[in-house]
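Colleague: sequence plus predicted model, see below.
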Amino acid sequence: MNKLGVIYFTRTNNSKRVAEKISNKLSCKLVQVTDNINYKGIFGYLKAGSYSMRNKHVDIEFLSDLDGVEEYIFVGPLWAGGLAPAMRTLIKQFPRDKVHLVVISTESHVEDRSGFLSVHDIENKTGNEDQVIEGLVNNLQNT
Ligand SMILES: Cc1cc2nc3c(=O)[nH]c(=O)nc-3n(C[C@H](O)[C@H](O)[C@H](O)COP(=O)(O)O)c2cc1C
């Protein structure tokens, strides 16, 4: 099995919770990514939606190192029908055939799914979080 690492971006900590669960189950590295933009409050929400809809480029910073990681699990939110801009930047920096993508949303699914090792949709509305995590972790442990 390749050495796995979980990388996440979050605004309201749902992706953080999911990323922590996955890294705990797999006993692997957990790395947070930030774009250093303030998305707090109603103005932050509106900024997030507007940036996502306009496909605005943001730079990202990794808050800890990824040394030794060979295969990645990206965890992050869906904003206004697409991935949060920081997630789009993250995806551009790695080959998709090294990435499992876990998308957190209220209920929508991301359209851009091609080329990844796997794509998983966690919907807050249906409460499928633990089931999806279990499926992903089991698959990874059996490969
Ligand atoms: C600006 C913005 C736009 C969003 N748009 C959608 C959407 O189009 N569809 C959806 O199902 N959820 C949408 N959501 C909900 C988030 O995907 C959901 O709350 C997610 O759990 C947030 O993850 P986080 O806590 O890691 O930031 C949106 C949230 C924000 C802030």
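Modeller: Perfect, I can see it now.
Colleague: identify the residues contacting residue 135.
Modeller: Contacts for residue 135 (Cβ atoms under 8 Å, 6 or more residues apart in numbering) come out as residue 120. The way it works is simple: take the backbone N, C-alpha and C, and place the C-beta from them, glycine included.
Colleague: next one, pLDDT for the most centrally placed residue in the chain please.
Modeller: In the chain, the centroid-proximal residue (Cα atoms, centre = their mean) is residue 75; its distance is 1.8 Å. What the model reports for residue 75 is a pLDDT of 98.
Colleague: so which helix or strand takes in it?
Modeller: Element membership of residue 75, judged by DSSP states H and E, is strand 71-79.
Colleague: could you tell me how far that strand lies from the centre of the chain?
Modeller: 1 Å (Cα atoms, centre = their mean, to the nearest Å).
Colleague: what helices and strands are in contact with that strand?
Modeller: Here strand 71-79 is seen to pack against strand 4-8, helix 14-26, helix 41-53, helix 85-92, strand 99-105 when contacts are counted using 3 or more Cβ pairs under 8 Å, 6 or more residues apart in numbering; DSSP states H and E.
Colleague: okay if I get these as a markdown table plus mean neighbour count and mean pLDDT?
Modeller: A markdown table is the format used below for the helices and strands packed on strand 71-79 (neighbours: other Cβ atoms under 10 Å; pLDDT from 0 to 100):
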| stretch | mean neighbour count | mean pLDDT |
| --- | --- | --- |
| strand 4-8 | 24 | 98 |
| helix 14-26 | 19 | 98 |
| helix 41-53 | 14 | 98 |
| helix 85-92 | 20 | 98 |
| strand 99-105 | 22 | 98 |
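Colleague: can you redo the ones you listed as TSV with distance to residue 130?
Modeller: Listed next are the helices and strands packed on strand 71-79 as TSV, based on distance: least, Cβ to Cβ, whole Å:
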stretch	distance to residue 130
strand 4-8	16
helix 14-26	8
helix 41-53	26
helix 85-92	22
strand 99-105	13
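Colleague: I'm done for today, thanks for sticking with me.
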